[in-house]
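Student: Structure of the sequence below:
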Amino acid sequence: QVQLVESGGGLVQAGGSLRLSCAASGRTFSSYSMAWFRQAPGKEREFVAHISARGDFINYSESVKGRFAISRDNAKNTLNLQMNSLKPEDTAVYYCAVDVPPYGFRYSSRGNYDYWGQGTQVTVSS
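Tutor: Numbers count the residues shown, from 1 in each chain. Presented below is the predicted three-dimensional model:
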């Protein structure tokens, strides 16, 4: 069982920045493939970014590429998402997710992940 707790959400003006973190339980954090998803009101949960267990394979959705940066600290069991140049359309609840071995092949698919956090709200005002 893996427990995930997100933090760092809040209210920010357009053009501003936020840094989200996700603290994970478990003694095998370095084996987790991890991702961020988000869900805006009335919309489906969508992929934001993914990072492999060793951090050597990173992917972003087109909507955040160049503005967001995913990273992980395996020594602290923490996943991060640095969000810059925020836009009102980035407003959503942001979730971290874990894929434990054996890994799935579709990193951008919700069904690929075994564990989810409760989410943290990000609101970007115009």
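Student: any idea how far Arg27 is from the residue minimising distance to the centre of the chain?
Tutor: In the chain, the residue lying closest to the centroid (Cα atoms, centre = their mean) is Trp36, at 2.0 Å. Going from Trp36 to Arg27 by Cβ to Cβ, to the nearest Å gives 23 Å. Any C-beta I mention is one placed from the backbone N, CA and C, and that applies to glycine too.
Student: returning to what we had before: helix or strand for the residue nearest to the centre of the chain, just tell me which one.
Tutor: Per DSSP states H and E: Trp36 is located in strand 33-39.
Student: Show me how far the strand or helix carrying Leu11 is from its chain's centre.
Tutor: For Leu11, the host element (DSSP H and E) is strand 10-13. The chain centre lies 17 Å from the centre of strand 10-13; the measure is Cα atoms, centre = their mean, to the nearest Å.
Student: what does stretch 91-109 give?
Tutor: 8 Å.
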